[in-house]
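K.L.:
Dropping a prediction and its sequence here:
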Protein chains: 2
Amino acid sequence: MTERESQIVLGLDPDPSALWPGMADRGHELSAETAPAMRAAAAVRAHCTALIDAAGPACVAVKPQLARFEVLGAPGWGALEAVVAHAHEAGLLVIADGKRGDIDVSARAYAQALMGAVDTPFGSVRGLDADMVTVNPLMGADAVEPLIATARESGAPKGHTAGVLVLVRTSNPGAADIEDLELAGGGTVWERIAALVDMLGSDGVGESGLSDVGAVVGATAPEHLARARELMPHAVFLLPGVGAQGGRVADLAPAFAPGRAGGLIAASRSIAGAHVKSGRDPRDSACAEAERLRALAWSLT
Amino acid sequence: MTERESQIVLGLDPDPSALWPGMADRGHELSAETAPAMRAAAAVRAHCTALIDAAGPACVAVKPQLARFEVLGAPGWGALEAVVAHAHEAGLLVIADGKRGDIDVSARAYAQALMGAVDTPFGSVRGLDADMVTVNPLMGADAVEPLIATARESGAPKGHTAGVLVLVRTSNPGAADIEDLELAGGGTVWERIAALVDMLGSDGVGESGLSDVGAVVGATAPEHLARARELMPHAVFLLPGVGAQGGRVADLAPAFAPGRAGGLIAASRSIAGAHVKSGRDPRDSACAEAERLRALAWSLT
């Protein structure tokens, strides 16, 4: 973050029917006998690569939304792997946004798939090589712990900390349905999850004062940010919802109480779709919007 | 269910380093230059196919655990697609066990990936073609609704009902951390989720009296089953945790209060690993264990 003076996370949510102009060409170049999924995956890969090249320099990480790649099946997963590699080459961290959560043996498999490797009779097979993953804590601590363990193992050889980002208070209207329920013992469900995050992350606090167990706290509910920071003093907050979902950078100050690295500001549609508003070239528009967000956030924190 | 006299769901959780004897041959047949992930995916596919052939006739559905395929990247997703097709050819329903849950646009993408199709500039690309999916409701109703909508659209042309299975009270020890929290308004988090499931499923109740919005209720906590049934009178219950996790078929009676189709009993390791206990052939052992469970459940319900 200090190197790049950026706290911006570039969301990658490619919709195959709404890619940047010209990106479908990469699919059209393939022979007409090629399966539509293969051609669409080539176009999605071209789109994400162009977006990373345009907006990446103003960002610190990318956040591919896994569903958008899974819609294209095996070719989609292949495009995801290529996009992750491209982001790493561009010096960006990768946050695999899959919101996984399962019983221990399955959580271990997700950890292997996204951040680790699996043993096979044919040798070890490396996973997606993400630096961070989003995790759903509904099923409790034992659904989260295998992902933390794998993040810790996988981060060391890379020379930087890998980690997990646990859903605490999300940016969607439905967050009120379960996350905001009041508990008999006081506080809400999300506050209890926040306490769990703080507990799980206590072994992972580095010299920076930040832990490798972070939290997803929607930028659309800034009234919760100060309380979230109080409950999770060491967590890195991933802050989705800026832009298209209505969140504003200026409201995010509490996230940055432990320093500039305390918050990661995720923006997807506001960057990838900046040209729709500007009427200019998608690359230039994405570059300008990412840089605007970067400068704004850095100046406010 | 009536046709097959079975309520058994065959869990597919292939660990590439612990496949049935001989299954790795399918990977060894490929040239040594083939990537390990491709070879392992061929072995995983062979294992799942053999398991379906052996135990499938005693079952009504298969439940692939998606993480186990994602560990092998694009080839793993390809193996998953092949396994789903094989299960359908064998007359089995497919429950994609991914426990997804995300904001509306991402939930729609998961729905397309698992049960629907996505438009691309190269034509429509069909997803995994699952009949049911497991869903994580932490993020609220708007994270679940797109999956219900897609299930309803996708089920009709198949001539049977597709649906979703929402995590309500899971089978793992960590379920106590969040799901069991007591609410200020009375009841627990999981009971509130159960009420949400009943509400979301009210439009989807068919002639059988069962809804296309079901619930995952762990077989390891039978004390919750009667209460879960009271709160969700129309939900099909997916009951994981029988066998390896300690759940017993005899304790599941309340699930079947609305009739034999009220419960789906998921068994994975107890079937795929039956030969470890029996010391006999894996195929024969899996077949015998699935048939034992089938007959036991059918006789008790």
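P.N.:
Yep, that arrived.

K.L.:
So what touches stretch A:125-133?
P.N.:
The contact list for stretch A:125-133, computed with Cβ atoms under 8 Å, 6 or more residues apart in numbering or on different chains, reads A:61, A:80-81, A:84-85, A:88, A:93-98, A:100, A:110-118, A:147, A:151, A:155, A:158, A:160, A:162-165, A:214, B:16, B:36-37, B:40, B:70-73. Where you see a C-beta, it was placed from the backbone N, CA and C, and this is true even at glycine.

K.L.:
And those, which of them are buried?
P.N.:
Among those, those classed as buried by 16 or more other Cβ atoms under 10 Å in any protein chain shown are A:61, A:80-81, A:84, A:88, A:93-98, A:100, A:110-118, A:147, A:151, A:155, A:162-165, A:214, B:16, B:36-37, B:40, B:70-73.

K.L.:
Which of these fall in strands?
P.N.:
A:61, A:93-98, A:100, A:117-118, A:163-165, A:214 (DSSP state E).

K.L.:
export those residues to CSV and tack on pLDDT and distance to chain B?
P.N.:
Conversion of those to CSV gives the following (pLDDT from 0 to 100; distance: Cβ to the nearest Cβ, whole Å):
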residue, pLDDT, distance to chain B
A:61, 98, 18
A:93, 96, 20
A:94, 97, 15
A:95, 98, 14
A:96, 98, 10
A:97, 98, 8
A:98, 98, 8
A:100, 98, 7
A:117, 96, 8
A:118, 97, 4
A:163, 94, 19
A:164, 97, 15
A:165, 98, 14
A:214, 98, 17
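
K.L.:
And residue A:35, how far from residue A:42?
P.N.:
11 Å (Cβ to Cβ, to the nearest Å).

K.L.:
which of those two has more neighbours?
P.N.:
Neighbour totals were compared for residue A:35 and residue A:42, and residue A:42 leads with 25 against 16 (other Cβ atoms under 10 Å in any protein chain shown).

K.L.:
coming back round to it: so what's in contact with residue A:35 and residue A:42 at the same time?
P.N.:
Shared contacts of residue A:35 and residue A:42 (Cβ under 8 Å, 6+ apart): residue A:75.

K.L.:
Please report phi then psi for residue A:205.
P.N.:
The phi/psi pair for residue A:205 (degrees, to the nearest 10) reads phi -80, psi 120.

K.L.:
close to chain B, is the strand or helix carrying residue A:50?
P.N.:
Element membership for residue A:50, per DSSP states H and E: helix A:36-55. Yes: for helix A:36-55, a contact with chain B is found by Cβ under 8 Å from any Cβ of the partner chain, at A:36, A:37, A:39, A:40, A:43.

K.L.:
out of the residues you listed, which one sits closest to residue A:5?
P.N.:
Taking Cβ to Cβ as the measure, residue A:43 is the one of the residues of helix A:36-55 next to chain B closest to residue A:5, at 32.7 Å.

K.L.:
Roughly how far does the closest residue to that closest one other than its chain neighbours sit from residue A:38?
P.N.:
Nearest non-adjacent residue to residue A:43, counting by Cβ to Cβ, 6 or more residues apart in numbering or on different chains: residue A:27, 4.0 Å away. Using Cβ to Cβ, one obtains 8 Å as the distance from residue A:27 to residue A:38.

K.L.:
do the same with residue A:88
P.N.:
24 Å.

K.L.:
from the stretch 1-150 of chain A, which residue is nearest to chain B?
P.N.:
Ranking the residues of the stretch 1-150 of chain A by distance to chain B (Cβ to the nearest Cβ) places residue A:140 first, at 2.4 Å.

K.L.:
wait, doesn't residue A:108 sit right on residue A:150?
P.N.:
Yes: under the criterion of Cβ atoms under 8 Å, residue A:108 lies in contact with residue A:150, with a separation of 7.5 Å.

K.L.:
higher neighbour count, those two?
P.N.:
Higher neighbour count among residue A:108 and residue A:150: residue A:150, with 24 against 21, using other Cβ under 10 Å.

K.L.:
In contact with that one, which residues?
P.N.:
By Cβ under 8 Å, 6+ apart, the neighbours of residue A:150 are A:108, A:111, A:112, A:115, A:116.

K.L.:
Please list which of the residues you listed are also close to chain B.
P.N.:
Answer for the contacts of residue A:150 near chain B (Cβ under 8 Å from any Cβ): residue A:112.

K.L.:
Greatest separation within the contacts of residue A:150: which pair is it?
P.N.:
Every pair of these checked by Cβ to Cβ; the farthest is A:108 and A:115, at 11.0 Å.

K.L.:
Give me the nearest residue to residue A:12, chain neighbours excluded.
P.N.:
Nearest to residue A:12 is residue A:64, by Cβ to Cβ, 6+ apart, at 4.3 Å.

K.L.:
where does that neighbour fall, phi/psi-wise?
P.N.:
phi -70, psi 130.

K.L.:
now swap in residue A:59 and tell me
P.N.:
phi -120, psi 170.

K.L.:
Contact partners for it?
P.N.:
With Cβ under 8 Å, 6+ apart, residue A:59 has these contacts: A:4, A:6, A:8, A:9, A:10, A:92, A:290, A:294.

K.L.:
Of those, which belong to helices?
P.N.:
Residues of the contacts of residue A:59 located in helices (DSSP state H): A:290, A:294.

K.L.:
Where does the residue nearest to residue A:43 sit, in terms of helix or strand?
P.N.:
Using DSSP H and E, residue A:27 sits in helix A:25-28.

K.L.:
Counting by contacts, list what that helix packs against.
P.N.:
helix A:36-55 (3 or more Cβ pairs under 8 Å, 6 or more residues apart in numbering or on different chains; DSSP states H and E).

K.L.:
got the buried residues for the helix it packs on?
P.N.:
A:36-52, A:54-55.

K.L.:
coming back round to it: what about the helix holding residue A:50, distance to the chain center?
P.N.:
Centroid separation for helix A:36-55 versus its chain: 18 Å, with Cα atoms, centre = their mean, to the nearest Å.
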